[in-house]
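Enquirer: kindly generate the corresponding structure for this input.
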Amino acid sequence: MPRTLDPQLRRALAERVRFYNELGIYDFYRREALPTNLQLSDVAVATAPEIQPEQREEMPRSKAAVAVSVEEVDLFAPTKPEAGVNDPTQALRIIREDLGDCTRCRLHKQGRKQIVFGVGNPRAELMFVGEGPGADEDAQGEPFVGRAGQLLNNMIKAMGIRREDVYIANVVKCRPPGNRTPERDECETCSPFLMRQISVIKPKVMVALGAVAAKNLLAMNASMSELRGRFYDFLPTGARSSDSSWQGTKLAVTYHPAFLLRDPRQKGEAWKDLQMVMKYLGLEPPKKSE
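Expert: The predicted model follows:
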């Protein structure tokens, strides 16, 4: 039976939820019921969304967290703006509008020219996720358009499909200064928007490009040699596993194209990863003309 919360506690919880909604976070998790002797001073800890530590053992995504039931408190039924929109093109547009001229982390004041949201087929069966935009992407507003993007285009073409057939995005949507690796708090602030993109697109397979993308998506710390060569069951945070039309995606890990430009010897290994993806999707590489 739903319990009645103290009005002061209720208001404090509502303000905390609104705060996280403004950051683009709509999903909240808990591991156990809140204690009956909860004090107002405990509100910030009790209602904050679970943040996964950078280093942890691998665990099945289906057992990662259990969503909090919101029926107990009517005020706390935050729905994503795109909820109920069946057209993925429109839903992605709504997410982009919700992202706005984002100032949620420090990257907005460290030289970024524009937000790089994502590009491609809103109904793509295959989605690629990198770590963040570079200088060319920041200038053009589209992910993977520089030298690394040209190599990614060639990789996609070698799979027998076109860039327009897939969807491409990054963990963070603003260029880190000097192309540095995105900081953990920057990834945590920005990744809820990526999770919403994934939930809308509903790809059959995702490919994490590089260690940063892989570790953020899988919430595990491991070397590329340990991460590659297998599929992971992946359900984005906040997605409803009860959705019979989509129970999540298969996630594969391969090298970032920028790394392959620095070490072309690993291109053969990356091709093995893509062949694994092709086999799962039933793709055949284009035949070479004689």
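Enquirer: looking at this structure, which helix or strand is least sure?
Expert: Every helix and strand in the chain was compared by mean pLDDT, DSSP states H and E; the lowest is helix 43-47, with a mean of 39.
Enquirer: just after it, pick out the following helix or strand.
Expert: Next helix or strand after helix 43-47 toward the C-terminus (DSSP states H and E): helix 88-99.
Enquirer: convert whichever strand or helix holds L274 to CSV, retaining C-alpha atoms only.
Expert: Taking DSSP H and E as the criterion, L274 maps to helix 267-281. Extracted C-alpha coordinates of helix 267-281, given in CSV (Å, rounded to 0.1, in the frame of the first residue of the first chain):
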residue,chain,number,x,y,z
LYS,A,267,43.1,-2.7,-39.1
GLY,A,268,43.0,-6.5,-39.6
GLU,A,269,41.8,-7.0,-36.0
ALA,A,270,39.2,-4.3,-36.4
TRP,A,271,38.0,-6.1,-39.6
LYS,A,272,37.5,-9.3,-37.5
ASP,A,273,35.3,-7.3,-35.1
LEU,A,274,33.2,-5.9,-38.0
GLN,A,275,32.9,-9.4,-39.6
MET,A,276,31.4,-10.6,-36.3
VAL,A,277,28.9,-7.8,-36.6
MET,A,278,28.2,-8.6,-40.3
LYS,A,279,27.5,-12.2,-39.5
TYR,A,280,25.0,-11.3,-36.8
LEU,A,281,23.2,-8.9,-39.1
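Enquirer: quick check: buried residues in it?
Expert: 267, 269-271, 273-274, 276-278, 281 (16 or more other Cβ atoms under 10 Å). (C-beta placed from N, C-alpha, C; glycine too.)
Enquirer: widest-spaced pair of those residues?
Expert: K267 and L281 (20.5 Å; Cβ to Cβ).
Enquirer: quick check: phi and psi at G132.
Expert: Per-residue torsions, G132: phi -180, psi 160 (degrees, to the nearest 10).
Enquirer: what sits against the closest residue to it other than its chain neighbours?
Expert: Leaving aside its chain neighbours, G132 sits nearest to V172 (4.3 Å; criterion: Cβ to Cβ, 6 or more residues apart in numbering). Taking Cβ atoms under 8 Å, 6 or more residues apart in numbering, we find V172 in contact with 107, 131-133, 182, 186-187, 190-191.
Enquirer: for T189, see how far away V172 is.
Expert: Counting by Cβ to Cβ, to the nearest Å, the gap from V172 to T189 is 8 Å.
Enquirer: equivalent analysis for K267, please.
Expert: On the measure of Cβ to Cβ, K267 and T189 end up 33 Å apart.
Enquirer: what bits of the stretch 101-250 of the chain have low per-residue confidence?
Expert: The stretch 101-250 of the chain contains residues with pLDDT under 70 at 241-242.
Enquirer: can you map out the strands along it?
Expert: 119-120, 126-130, 167-170, 205-209, 232-234, 249-254 (DSSP state E, counting those that start in this stretch).
Enquirer: which two of the contacts of V172 have the greatest separation?
Expert: The span of these, defined through Cβ to Cβ, is set by P133 and S191 at 14.8 Å.
Enquirer: show me which of those two is the more surrounded one.
Expert: P133 (30 against 20; other Cβ atoms under 10 Å).
Enquirer: if any of the contacts of V172 are buried, put those into a PyMOL selection.
Expert: Paste this into PyMOL to select the buried members of the contacts of V172, with burial taken from 16+ other Cβ under 10 Å:
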select buried, resi 107+131+132+133+182+186+187+190+191
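Enquirer: for R147, state which of the contacts of V172 is nearest.
Expert: Nearest to R147, judged by Cβ to Cβ, of the contacts of V172 is P133 at 13.6 Å.
Enquirer: list the buried residues in the longest helix along the chain.
Expert: Counting residues, the longest helix found in the chain (DSSP state H) is helix 184-201. Within helix 184-201, the residues scored as buried using 16+ other Cβ under 10 Å are 186-201.
Enquirer: Serialize the strands of the stretch 101-250 of the chain to CSV and add fields for mean neighbour count.
Expert: Formatted as CSV, those follow (neighbours: other Cβ atoms under 10 Å):
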stretch, mean neighbour count
strand 119-120, 19
strand 126-130, 26
strand 167-170, 26
strand 205-209, 26
strand 232-234, 18
strand 249-254, 24
